[in-house]
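Student: Structure for this input, please:
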Amino acid sequence: QVQLVESGGGSVQVGDSLRLSCVVSGRSTTDYSMAWFRRAVGKEREFVAAISRLGERLNYADSVQGRFTLSKDRARNTMYLQMNNLKPDDTAVYYCAAHFFNTPQPMDISGYEYWGQGTQVTVSS
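Tutor: From the prediction side, this is the model:
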């Protein structure tokens, strides 16, 4: 059974940066395709970024393209989301997700069966 634990959220100002981490316990990150989703108050959970099992394919939502960077560190069993130039619209709870091997739907919630508890990101103007 894999467990996902997110960290790195916080309260920042517009234009600041944060790095979210998702530690995979029980298995290697190379066993899973992984992603970040987020949910703002009053909105549905939405796709942010996804990375394939071996890291050769990346997908980003249009709203974060060019500002967010997704990566995996195999030695640390961790996925990272580097978030730069943060905006108030980035305020949300961010969730880490994983699917054993490569998911056929990397940008869809239904493509993942394992989820973390979430970490809050708040961006103030």
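
Student: which SS class is the most centrally placed residue in the chain?
Tutor: Nearest residue to the geometric centre of the chain (Cα atoms, centre = their mean): Trp36, 2.4 Å. Put simply, Trp36 is strand when judged by DSSP: H, G, I helix; E, B strand; the rest coil.

Student: Now do it against Ser125, distance only.
Tutor: 23 Å (Cβ to Cβ, to the nearest Å). C-beta here means a position set from N, CA and C on the backbone, and glycine is covered the same way.

Student: now Asn59, nearest residue through space, not along the chain?
Tutor: Among residues not flanking Asn59 along the chain, Ala50 sits closest, at 4.5 Å (Cβ to Cβ, 6 or more residues apart in numbering).

Student: What of Val48?
Tutor: Sequence neighbours aside, Trp36 is the residue nearest to Val48 in space, at 4.2 Å (criterion: Cβ to Cβ, 6+ apart).

Student: and stretch 79-88, how far from the chain's centre?
Tutor: The chain centroid and the centroid of stretch 79-88 are separated by 10 Å, computed with Cα atoms, centre = their mean, to the nearest Å.

Student: Identify the residues contacting it?
Tutor: With Cβ atoms under 8 Å, 6 or more residues apart in numbering as the contact definition, stretch 79-88 has outside contacts at 12, 14-22, 24, 29, 34, 36, 48-49, 51, 64, 67-73, 90, 94, 96, 121, 123-125.
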